[in-house]
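> Predicted structure and sequence below. I'll ask about it afterward.
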Amino acid sequence: MITRFSKTFLIAVFALFLLGSLALLHPPSRTYVDTWTGDFFGEGGFIPPSPQQGVRGKVIMPKLGNATAKAELGRATWKLMHTMTLRFPEEPTQDERDALTNYFHLTSRLYPCGECAAEFQLLLKKYPPQTSSRRAAATWLCYLHNQVNHRLGKPEFDCANLDATYDCGCGDEPLGSSTGGSANDPMDLERDPSKDKKAQGLVKGGRAAVS
């Protein structure tokens, strides 16, 4: 008959055997954090952060007290986001879908109006972004826009005519097709075409001249 001491001894030996087996199967990783930069380093060198790091979290910006600035910012942001979803691919890849989803979550953190960003976060939590197609993304954003309008007592947005309301007038030219030069610089977003002498010559009597 096995004594109590023998049982305890056998259990201890078996436990040590299991621990040794696990250590061989999953050797401990040797990682450390640089106290100056906060970067992670392992046996293979620097460990890059996850792409999702920083995408989701609490609102970063403070409250925006200027009502005029808040209204102008809101109109510009809605136009940007509606135009973005209306030009989103018809059949997006998973990477493109993730990019759009992450954009909305980052916007909800970094939007300059803190109280607006907090509301946007609540809406994203209740109605997660739909990115399966251009139509899904555009319709989802329009629904979100109407949720805000309803709370503010504003008339509902016409989701059936989104492309007409937010017609950017931009063709689907391939990237890099610009001829170059400061006049065609893609980052010159504030250039006014109405002040372009060449553009003025194309307009006669309020209508574009057809050659």
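All right, it came through fine.
> Please name the residues that touch residue 145.
When the contact criterion is CB atoms under 8 Å, 6 or more residues apart in numbering, the partners of residue 145 are 78, 82, 157. Every residue, glycine included, has its C-beta placed from N, CA and C.
> so which of these is the most crowded?
If you count neighbours using other CB atoms under 10 Å, the busiest of the contacts of residue 145 is residue 82, which has 21 neighbours.
> Show the model's pLDDT score for the closest residue to that one other than its chain neighbours.
Spatial nearest neighbour of residue 82, chain neighbours left out: residue 166 (4.4 Å); criterion: CB to CB, 6 or more residues apart in numbering. Predicted confidence (pLDDT) at residue 166: the value is 82.
> Residue 187 too?
Looking at residue 187, its pLDDT reads 59.
> Residue 166 versus residue 132, what's the distance?
Counting by CB to CB, to the nearest Å, the separation of residue 132 from residue 166 is 20 Å.
> more crowded one of the two?
Neighbour totals were compared for residue 132 and residue 166, and residue 166 leads with 19 against 11 (other CB under 10 Å).
> as a whole number, average confidence for the helix or strand containing residue 83?
Element membership for residue 83, per DSSP states H and E: helix 67-86. This predicted structure assigns helix 67-86 an average pLDDT of 95.
> Buried residues, that helix. List them.
By neighbour count, with 16 or more other CB atoms under 10 Å as the criterion, the buried positions of helix 67-86 are 70, 73, 77-78, 81-86.
> Greatest separation within these: which pair is it?
In these, two members sit farther apart than any others by CB to CB. They are 70 and 86, at 24.4 Å.
> and the gap between the residue nearest to residue 127 when sequence neighbours are not counted and residue 94?
Beyond its immediate neighbours in the sequence, the residue positioned closest to residue 127 (CB to CB, 6+ apart) is residue 144, lying 6.1 Å away. In this structure, residue 144 and residue 94 are 22 Å apart, going by CB to CB.
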